[in-house]
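>>> Predicted coordinates and the sequence they were generated for:
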Amino acid sequence: MTEAEIFEFDLNGYIVYKDMLTRDQVGHMNGILDKHLADDAHGFPFLTLDPVFLELMALPRTLRIIRTMIGEWLRLDHAYGLQMDKLSVERGHVKPNLHGGLRHDHGEHQYQWFDGQMYNGLIVVMYALEDVNPGDGGLICVPGSHKSNFRFRPPVDSHLVANPSFMAGDMLIFTEALVHGTTTWTSDQRRRALLYKYSPGYSAWASAERLDQERELAANDLQRDLLRPPSVGKRTPIEIPDG
Ligand SMILES: O=C(O)CCC(=O)C(=O)O
């Protein structure tokens with residue numbers, strides 16, 4: 001991460017990186033998902049649908065960014081996709097909410113700085129597979145709330161709440177220490193995003209068995225390393241290739 005990116009992430013608790021995926025990559029992933037997802041899919045598993053999704057888990061450029069956020073032992077904790085459209089709104093799949101935020105003990109949602117280095121718990125890497133235009137709804141957050149000293153969740157329509165827009169192929173990263181959630185999807189277009197949630201190697205939010213099937217499918221050492229269950233003793237850093 002550049003100094004400007006670190007400043008932005010520290011300031012807001014989230015950051016958008018443009019054009020992480022090419023149009024072709026987005027089209028390819030959407031094609032796979034179109035074949036597998038029901039019309040009214042909302043939250044969906046996707047990692048085992050095609051090798052391309054484990055490759056995306058191990059994208060070197062992303063790993064280099066989140067290494068700055070959570071350190072060299074980073075691991076994938078869990079992943080799921082989100083899809084929203086008029087049908088899912090009609091069926092009540094999308095319940096406006098804000099959640100997350102710092103915990104009294106920091107725990108797996110930590111956001112701390114020590115000696116010029118940030119320490120995060122669970123980090124969400126969200127790749128947009130469809131555009132999110134201003135005012136469309138979907139992901140909302142309270143910028144800066146990951147550093148708040150006061151436990152408070154404003155209403156979802158508060159002036160404190162942002163609804164970041166970002167385009168298909170872009171990546172948004174936020175810390176779960178940020179107060180965040182979802183608001184009603186208002187666009188005629190579909191929302192579709194892939195969420196990869198990474199943790200420091202010593203920490204787990206989801207149970208480690210949840211990734212057993214992915215461990216069997218891992219195609220190389222990097223993917224296997226990222227899928228290791230949480231531990232401390234003798235844990236080795238992730239080796240991130242160039243590219
Ligand atoms: O993107 C969204 O709509 C919400 C995501 C979320 O709440 C989460 O990742 O914890």
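Noted; the coordinates are in hand. What you see is a predicted model, and the numbers here were worked out from it, not measured in a lab.

>>> pLDDT (mean, whole number) over the helix or strand where residue 223 lies?
Using DSSP states H and E, the element containing residue 223 is helix 221-226. Helix 221-226 shows a mean pLDDT of 98.

>>> what's in contact with it?
Outside helix 221-226, the residues that touch it by C-beta atoms under 8 Å, 6 or more residues apart in numbering are 54-55, 57-58, 63, 74-76, 215, 218, 236, 238-241. Yep, even glycine has a C-beta here, placed from its N, CA and C like the rest.

>>> one more time with 10 Å
If you take C-beta atoms under 10 Å, 6 or more residues apart in numbering as the criterion, helix 221-226 is touched by 51, 54-55, 57-58, 60, 63, 73-76, 196, 198, 201, 211, 214-215, 217-218, 235-241.

>>> elements contacting the helix ranked longest in the chain?
The longest helix of the chain (DSSP state H) is helix 23-36. The contact analysis (3 or more C-beta pairs under 10 Å, 6 or more residues apart in numbering; DSSP states H and E) places helix 23-36 against helix 51-57, strand 75-84, strand 123-128, strand 191-199.

>>> Pull out the buried residues from it.
Buried residues in helix 23-36, counted by 16 or more other C-beta atoms under 10 Å: 25, 26, 29, 30, 33.

>>> residues contacting the closest residue to the third one other than its chain neighbours?
It refers to residue 29. In this structure, residue 29 finds its nearest non-sequential neighbour in residue 129, 5.9 Å apart by C-beta to C-beta, 6 or more residues apart in numbering. Residue 129 makes contact with 21, 25-27, 29-30, 33, 81-83, 168-169, 190-194, according to C-beta under 10 Å, 6+ apart.

>>> Quick one, grab the pLDDT at residue 129.
Looking at residue 129, its pLDDT stands at 98.

>>> if we can go back for a sec, mind checking the helices and strands packed on helix 23-36 for the one nearest to residue 45?
The minimum distance between residue 45 and the helices and strands packed on helix 23-36 falls on strand 75-84, with 6.0 Å, by C-beta to C-beta.

>>> who does that closest one pair up with?
According to DSSP bridges, strand 75-84 forms sheet pairs with strand 43-44 (antiparallel), strand 191-199 (antiparallel).

>>> So which of those is nearest residue 15?
Closest of the strands paired with strand 75-84 to residue 15 is strand 191-199, at 14.5 Å (criterion: C-beta to C-beta).
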